[in-house]
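Visitor: sharing a model that was predicted from the sequence below.
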Amino acid sequence: MTEHPPPTDAGLSDAPRDPRHALRLAYGLGAVKVIFMLALFRMLAAPFTKDFFGEALLPMPTWEWSLCSLSPLALLYAARRRADWAMLAGERFFLKIILTFYLLWALPFAVLQGEWVLWIAVAVALAGFAGMYRLNRRETVPAR
């Protein structure tokens, strides 16, 4: 009989991935950055149209903000292996900034204006922070 390696934490092994996976992670990181820039543009579009045209042609973002906040969480899920998480070492601070921005914009509008759909963005941002904490913690603990 052949020996099988011990099971790891739900696919979180250190097994090397193929080079195409590293390229997919790089594209995923780029997509997160582009989506964040589009979310910022969308957020600023409402006040911008009010300043230039005298009336807000677009309402403040709600459901699209929650949808955009899913992108960092999807990247964290894709980079859940130690080797993948190590590849994103230089971008972790930027991911924290993105998650913080989504959280700090969504939370006041969810609480003060009663936009229930923004609670999704709040929950996703908090889940992203929890995921980053878990992945950072796993990186410091030696592999079994």
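Guide: Here it is on my side, so go on.
Visitor: all contacts plus neighbour counts: C-alpha atoms, from now on.
Guide: Noted.
Visitor: element containing the spatially most central residue of the chain?
Guide: What sits nearest the mean C-alpha location of the chain, by CA atoms, centre = their mean, is residue 72, with 1.3 Å. Assigned by DSSP states H and E, residue 72 falls within helix 70-78.
Visitor: residue 60 contacts residue 46, correct?
Guide: Yes: if you go by CA atoms under 8 Å, residue 60 and residue 46 touch, sitting 5.8 Å apart.
Visitor: quick one on the thing from earlier: the next helix or strand after the helix holding residue 72 packs against which elements?
Guide: Per DSSP H and E, the first helix or strand lying C-terminal to helix 70-78 is helix 82-87. Helix 82-87 sits against helix 118-140, with contacts defined as 3 or more CA pairs under 8 Å, 6 or more residues apart in numbering; DSSP states H and E.
Visitor: hang on, the earlier thing: the residue nearest to the centre of the chain and residue 34 touch, don't they?
Guide: No: counting by CA under 8 Å, residue 72 does not reach residue 34; the two are 11.3 Å apart.
Visitor: let me know the angle separating the helix holding residue 72 from helix 118-140.
Guide: 30 degrees (axes from the mean of the first three to the mean of the last three CA atoms, to 10 degrees).
Visitor: and the contacts of helix 70-78?
Guide: The contact list for helix 70-78 (CA atoms under 8 Å, 6 or more residues apart in numbering) reads 25, 28-29, 31-32, 35, 95, 98-99, 121, 124-125, 127-128, 131-132.
Visitor: of all those, which two lie farthest apart?
Guide: Spatial extent of those (CA to CA) is set by the pair 25 and 121 at 22.6 Å.
Visitor: the more surrounded of those two?
Guide: residue 121 (28 against 19; other CA atoms under 10 Å).
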